[in-house]
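Asks: Sequence first, then the predicted structure:
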Amino acid sequence: MVKQLPHWPTTHAGLLAKIQDRQDNLAWREFVDLYSPLILAYCRKRGLQYADAQDVTQNILTAISRAIRTFDYDISRGRFRGWLGLIADQQLSRFFQGSLRQRRGVGAPNEPSAAGLDGAVDAAWEDLFNAHVYQAARARVRVEFDFDTWLVFEKVWEQSVDPCDVARELKRKSQWIYQAKFKVVQRLVQEIDRLCDDMAIFSRRLLSNDLPPV
């Protein structure tokens with residue numbers, strides 16, 4: 001289960017904004033490195049053999065590369081995860097319809113569109129997206145913290161261990177425990193925000209709930 005996170009404003013340049021610049025090859029490479037394993041896993045979950053899943057993944061990435069140039073992040077029209085999921089479903093629909101044509105020997109169907117999908121995103125995609133982005137951000141920020149600080153995050157935030165018990169285990173003051181957890185969670189939120197600009201992955205709660213005690 002992905003832990004729910006609060007939302008902080010971030011000073012990072014969002015990855016989505018950066019890949020809209022066709023000259024920013026490093027940003028596109030980061031995007032591909034981040035999202036291609038997720039897309040491949042989704043294709044496999046939808047029943048594709050590995051070789052077919054690889055081909056469809058490349059088709060999805062190509063479609064994203066074309067579409068991202070006109071992607072307008074408007075929260076009222078939906079989130080990035082939904083937009084990405086619809087593109088994935090479109091390409092999967094093409095694959096399955098193509099396989100059906102080969103079996104039946106019928107003509108080509110009309111090209112699927114986002115409107116034709118009625119904005120619905122597969123629940124399996126939602127689950128994979130949430131878990132993948134969380135774990136990717138987690139791995140990226142891990143190197144920024146010392147062993148004890150990260151241990152506090154794992155125990156108090158992820159495992160819901162009583163902070164007082166962790167303080168006794170590490171021989172630290174309770175205030176230090178809360179501050180350590182807060183620093184990691186804050187940084188994790190920033191990285192998730194940078195990677196996907198879609199904090200709707202996580203339900204929002206009051207920031208004050210995670211402030212260290214004074």
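Replies: Looks like it arrived, so ask away.
Asks: And the residue nearest the centre of the chain?
Replies: Centroid-nearest residue in the chain, with CA atoms, centre = their mean: V133, separated by 3.0 Å.
Asks: That one against D193, yeah?
Replies: No: if you go by CB atoms under 8 Å, V133 and D193 don't touch, sitting 10.2 Å apart. Every C-beta, even on glycine, is put in place using the N, C-alpha and C of the backbone.
Asks: what sits in contact with each of these two?
Replies: Taking CB atoms under 8 Å, 6 or more residues apart in numbering as the contact rule, V133 and D193 have no neighbour in common.
Asks: elements contacting the lowest-mean-pLDDT helix or strand in the chain?
Replies: Within the chain, no helix or strand scores below helix 80-104, which has a mean of 82 by mean pLDDT, DSSP states H and E. Packed against helix 80-104 by the contact rule (3 or more CB pairs under 8 Å, 6 or more residues apart in numbering; DSSP states H and E) you find helix 25-45, helix 50-67, helix 123-142.
Asks: Nearest approach to F96 belongs to which of these?
Replies: Of all the helices and strands packed on helix 80-104, helix 50-67 sits nearest to F96, with 9.7 Å by CB to CB.
Asks: Next, the buried residues of that closest one.
Replies: A53, Q54, V56, T57, N59, I60, L61, I64 (16 or more other CB atoms under 10 Å).
Asks: got the residues you listed as JSON lines, with pLDDT and distance to K18 columns?
Replies: Below are those laid out as JSON lines (pLDDT from 0 to 100; distance: CB to CB, whole Å):
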{"residue": "A53", "pLDDT": "95", "distance to K18": "27"}
{"residue": "Q54", "pLDDT": "96", "distance to K18": "26"}
{"residue": "V56", "pLDDT": "95", "distance to K18": "25"}
{"residue": "T57", "pLDDT": "96", "distance to K18": "21"}
{"residue": "N59", "pLDDT": "94", "distance to K18": "23"}
{"residue": "I60", "pLDDT": "95", "distance to K18": "19"}
{"residue": "L61", "pLDDT": "95", "distance to K18": "16"}
{"residue": "I64", "pLDDT": "90", "distance to K18": "14"}
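Asks: Could you single out the nearest of those to R187?
Replies: For the buried residues of helix 50-67, the nearest to R187 is I64 (27.2 Å; CB to CB).
Asks: follow-up on the earlier one: can the helices and strands packed on helix 80-104 go into JSON lines with extra columns for distance to T149?
Replies: Shown next, in JSON lines, are the helices and strands packed on helix 80-104 (distance: least, CB to CB, whole Å):
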{"stretch": "helix 25-45", "distance to T149": "25"}
{"stretch": "helix 50-67", "distance to T149": "36"}
{"stretch": "helix 123-142", "distance to T149": "10"}
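Asks: Go through these and name the closest to W150.
Replies: Of all the helices and strands packed on helix 80-104, it is helix 123-142 that lies closest to W150, at 6.3 Å by CB to CB.
Asks: tell me which residues in the closest one are buried?
Replies: Buried residues in helix 123-142 (16+ other CB under 10 Å): W125, L128, F129, N130, H132, V133, Y134, A136, A137, R138, R140, V141.
Asks: from these, which has minimum pLDDT?
Replies: Minimum pLDDT across these is recorded for N130, with 87.
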